[in-house]
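> build me a model from this:
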Amino acid sequence: MRIRFAVLPLLLLSGCVSVPPATIANPEALKPIQGPQEAQKVIYVSDVTAKLIDKKIGQMKAGTLCVGGADLIWTDNQSALTAIQNQIEQTLKKNGYNVYSGLVRSKAEKDADILIGVAINDIRANICYSVDGMKGSASLRLDWEVVDNKSNQSQIFSTSGASTIAEFSATGDPDVFVKAAEMATDNLLAEKRFFESARK
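Next comes the predicted model:
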């Protein structure tokens, strides 16, 4: 299901001095390993957080001709973080992993076999806004902590993703970040260690 928002922007225009565009990462898109066909552990994804040292993440332009060049500022928009988390869960399910579907967080943290914590530790984006929507490119890095609830042993992963919205789109923001998170999640699922952690 496509995630849509009535209220955008995640980002704010700041200053009037032209700033250079950010360097967008170009990570390799890896092929996810499909979830185990045999019995597998139940996974719970905790709330995604953003831990950015610098919230100036790139360049923002405006208008149908994309003029100007101001600082692009990431704001801690919970709707965007929720959209990214939903995409992570959908990507896990799409690839055959058993994601906990309960609504009570305390019960999920108790009943799930694997707990996954996710932090966005880097974002770079160059965005153009107009009356027709938004277009641009973004990349991000996700840091993952995968904890076995029974043994309390944890594994750490770091993966990256990138995305481009080439034409103006009413849902381009937050789609450009959500799609980058989807790629980063696919790259997590390409890790053999993660696959093994999901097997019973």
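> pull out the buried positions in the host helix or strand of A80.
According to DSSP states H and E, A80 maps onto helix 78-94. Within helix 78-94, the residues scored as buried using 16 or more other C-beta atoms under 10 Å are A80, L81, A83, I84, Q85, N86, Q87, I88, E89, Q90, T91, L92. C-beta coordinates here come from the backbone N, C-alpha and C atoms, glycine included.
> one more: stretch 130-146?
Of the residues in stretch 130-146, 133-144, 146 count as buried by neighbour count, 16+ other C-beta under 10 Å.
> then stretch 161-181?
By 16+ other C-beta under 10 Å, the buried positions in stretch 161-181 come out as 161-163, 165, 168, 171-181.
> just the residues you listed now: which is nearest V99?
Nearest to V99, judged by C-beta to C-beta, of the buried residues of stretch 161-181 is A181 at 15.3 Å.
> now name the helix or strand holding that closest one.
Element membership for A181 (DSSP H and E) is helix 172-189.
> doesn't K110 make contact with Y44?
No - using C-beta atoms under 8 Å, Y44 is not in contact with K110; the gap is 9.5 Å.
> dump the residue contacts of the residue sitting nearest the centre point of the chain.
Central residue of the chain (C-alpha atoms, centre = their mean): A181, 2.9 Å from the mean position. Applying C-beta atoms under 8 Å, 6 or more residues apart in numbering, we find A181 in contact with I84, Q87, I88, L140, L142, G161.
> ditto for G69
Going by C-beta under 8 Å, 6+ apart, G69 touches S18, V19, P20, P21, Q59, M60, K61.
> between those, which has the most around it?
Counting neighbours by other C-beta atoms under 10 Å, M60 comes out on top of these with 27 neighbours.
> what bridges to it?
A70, I127 (DSSP bridges).
> and the pLDDT for Q37?
Note on Q37: pLDDT of 82.
> how about the nearest residue to it, chain neighbours excluded?
Leaving out its chain neighbours, the residue that sits closest to Q37 by C-beta to C-beta, 6 or more residues apart in numbering is G96, at 7.8 Å.
> with just CA atoms, put stretch 181-193 into CSV.
Output in CSV follows, covering the C-alpha atoms of stretch 181-193 (Å, rounded to 0.1, in the frame of the first residue of the first chain):
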residue,chain,number,x,y,z
ALA,A,181,15.0,3.2,3.4
GLU,A,182,13.5,0.3,1.4
MET,A,183,16.8,-0.2,-0.5
ALA,A,184,18.7,0.0,2.8
THR,A,185,16.4,-2.7,4.2
ASP,A,186,16.9,-4.9,1.1
ASN,A,187,20.6,-4.6,1.7
LEU,A,188,20.2,-5.7,5.3
LEU,A,189,18.3,-8.8,4.1
ALA,A,190,21.2,-9.6,1.8
GLU,A,191,23.3,-10.2,4.9
LYS,A,192,23.7,-13.9,5.6
ARG,A,193,24.1,-13.2,9.3
